[in-house]
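Novice: just need the structure, nothing else, for what follows:
(one chain, ligands or ions: 1)
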Amino acid sequence: MNSTAALTTPAFNVDALRQDFPILSRAVRGKPLVYLDNAATSQKPTQVIETISRYYSEYNSNIHRGVHSLSEEATSAYEAAREKCQSFINASSDKEIIFVKGTTEAINLVANTYGRANIKAGDEIIVSWMEHHSNIVPWQMLCEQNGAVLKVIPINDAGELIMDEYRKLLSSKTKLVAVGHISNALGSINPIKEIIDLAHQHDAVVVIDGAQATPHTSIDVQSLDCDFYAFSSHKLFGPTGVGVLYGKQALLEAMPPYQGGGDMIKMVTFEKTMYNELPHKFEAGTPNIAGVIGLGAAIDYVSEIGLDAIATYEHELLEYATEAALTIDGLRLIGTARNKASILSFVMDKVHPHDLGTILDHNGIAIRTGHHCAMPVMDRFEIPATARASFAFYNTKHEIDVLIEGIENAKKVFC
Ligand code: 7TS
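Specialist: Residues are numbered from 1 along each chain as shown. Next comes the predicted model:
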């Protein structure tokens, strides 16, 4: 492959952007790091790292409770981050932005509050075959508790949802549909607008797992009309341990709280407790203040680059990688959806994914191997694991060349 061929995306200066990520200039096992595990977690730009450091070194304080200056500064930075999240996904109010630990906690919150209050024995919940475990297990647990039934949208050999089967699953029994926007194991971009509209025709509520989508595509929850949308900061170039649950205000107002404690109450007596208003009703206890402020900085950072520019550049990277991968004898792509983002999942004849991952690591190349917390996907394709390279906007064609060369070298060891 010709790594010197320039990507055609105008005004996308990947070399300059890479300078923002200190970790990208380190070596691993004596080789320049080639970081292709972005679906697991992405790297952090200096802008995010310094924002977090500034919070701790200049105005570390608990929020919402203090009258002193540091607490006011921390509170306003925390609430400013909420407004950034609101405009990032175009929510209609900052009351609809609930800070949680991440996508996993966001989905568990909905299952334990909305789910327990509204889903009863005999009701049906629909998920898809390509969900991450965090969008399967909370619903299974809810079904165990209340006798609801889990239904699954099957996928075709390309790793696309079979929409006709989805239509057949929908009925008056369907109370909730929970689907990923982009699959972490396959890269498939699901037609969530259509999924949402069809669910609404049956008065079902829709939860979208956006963990893999927010780093790669712009989101507009109002035009999608989804009821809930979950995402994690750490995949979006922000810190770990923080994420967002978006929920429509009317739904959130009607839901019982998730956890009890400080900040989520208006007034407590032993006879009766009055819960706080949104969004605080769902944010019990001292939150991840530094994390939230860091997420705000990450949102500023990606917004400045622009998600449309990111999507165009990454599409070109994925096409380049796919074409190169297909030249490797014995390599089979897992996930060949027509509409795909930033993920190259594959298996190789005679080379176990874990062995491949280990050999690539010796060349400074970080990929992920395993079931990617999507065991049903592995079952569907009758494989135990895949090797997965996942791209971010700071990856380059040259890095893909290094990956392809690494795979060819690994093949020589085993075949
Ligand atoms: N949903 C999807 C689609 C994901 O890819 C992940 C994490 C989660 C939910 C959970 O997010 P968390 O931030 O709460 O952990 N996916 C991966 C992955 O592909 N490799 O490591 C984590």
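Novice: how is the protein divided into domains?
Specialist: 14-32+307-414, 49-304 (automatic domain parsing).
Novice: pick the most buried one from the ones you listed.
Specialist: domain 49-304 (a mean of 20; mean count of other Cβ atoms under 10 Å). C-betas here are computed from N, CA, C, even on glycine.
Novice: and that domain, end to end?
Specialist: 17 Å (Cα to Cα, to the nearest Å).
Novice: over to stretch 374-384?
Specialist: 11 Å.
Novice: between the domains of the chain, which one is nearest to Asn38?
Specialist: When these are compared by Cβ to Cβ, domain 14-32+307-414 sits nearest Asn38, at 4.1 Å.
Novice: how long is that closest one end to end?
Specialist: Start-to-end span of domain 14-32+307-414 (Cα to Cα) is 35 Å.
Novice: same question for stretch 55-69.
Specialist: OK, stretch 55-69 end separation, Cα to Cα: 13 Å.
Novice: what's the answer for stretch 165-180, then?
Specialist: With Cα to Cα, one end of stretch 165-180 sits 17 Å from the other.
Novice: quick one: it near the ligand?
Specialist: Yes - counting by Cβ under 6 Å from any ligand atom, the ligand has neighbours in stretch 165-180: Gly180.
Novice: regarding this protein, what is its longest helix?
Specialist: In the chain, taking DSSP state H as the definition, the longest helix is helix 69-89.
Novice: elements contacting the helix or strand following that helix?
Specialist: Counting by DSSP states H and E, the element after helix 69-89 in chain order, helix or strand, is strand 97-100. Here strand 97-100 touches helix 69-89, helix 103-110, strand 243-247, going by 3 or more Cβ pairs under 8 Å, 6 or more residues apart in numbering; DSSP states H and E.
Novice: could I get the contacting residues of the closest residue in space to Val242 that isn't next to it in sequence?
Specialist: In space, Val242 comes closest to Gly291 once its chain neighbours are excluded; the distance is 3.4 Å by Cβ to Cβ, 6 or more residues apart in numbering. Counting by Cβ atoms under 8 Å, 6 or more residues apart in numbering, Gly291 makes contact with Ile52, Ser233, Gly238, Pro239, Thr240, Gly241, Val242.
Novice: re earlier: redo the helices and strands packed on strand 97-100 as TSV? Include distance to Glu283.
Specialist: Listed next are the helices and strands packed on strand 97-100 as TSV, based on distance: least, Cβ to Cβ, whole Å:
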stretch	distance to Glu283
helix 69-89	10
helix 103-110	10
strand 243-247	10
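Novice: so which of these gets nearest the ligand?
Specialist: Across the helices and strands packed on strand 97-100, the ligand has its closest neighbour in helix 103-110 (3.3 Å, Cβ to the nearest ligand atom).
Novice: so that closest one versus strand 243-247, what angle?
Specialist: When axes from the mean of the first three to the mean of the last three Cα atoms, to 10 degrees is applied, the directions of helix 103-110 and strand 243-247 differ by 30 degrees.
Novice: contacts for helix 103-110 next, please.
Specialist: So helix 103-110 is contacted by 98, 100, 132, 134-135, 138, 178, 207, 209-211, 228, 230-232, 243-245, 247, 258, 282 (Cβ under 8 Å, 6+ apart).
Novice: picking that back up, out of the contacts of Gly291, which sit inside strands?
Specialist: Among those, DSSP state E puts none in strands.
Novice: picking that back up, okay if I get the domains of the chain as CSV plus mean pLDDT?
Specialist: Below are the domains of the chain laid out as CSV (pLDDT from 0 to 100):
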stretch, mean pLDDT
domain 14-32+307-414, 97
domain 49-304, 98
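Novice: would you map the strands across the stretch 201-350 of the chain?
Specialist: Per DSSP state E, counting those that start in this stretch, the stretch 201-350 of the chain carries strands over the ranges 205-209, 228-232, 243-247, 265-268, 273-275, 331-333, 343-348.
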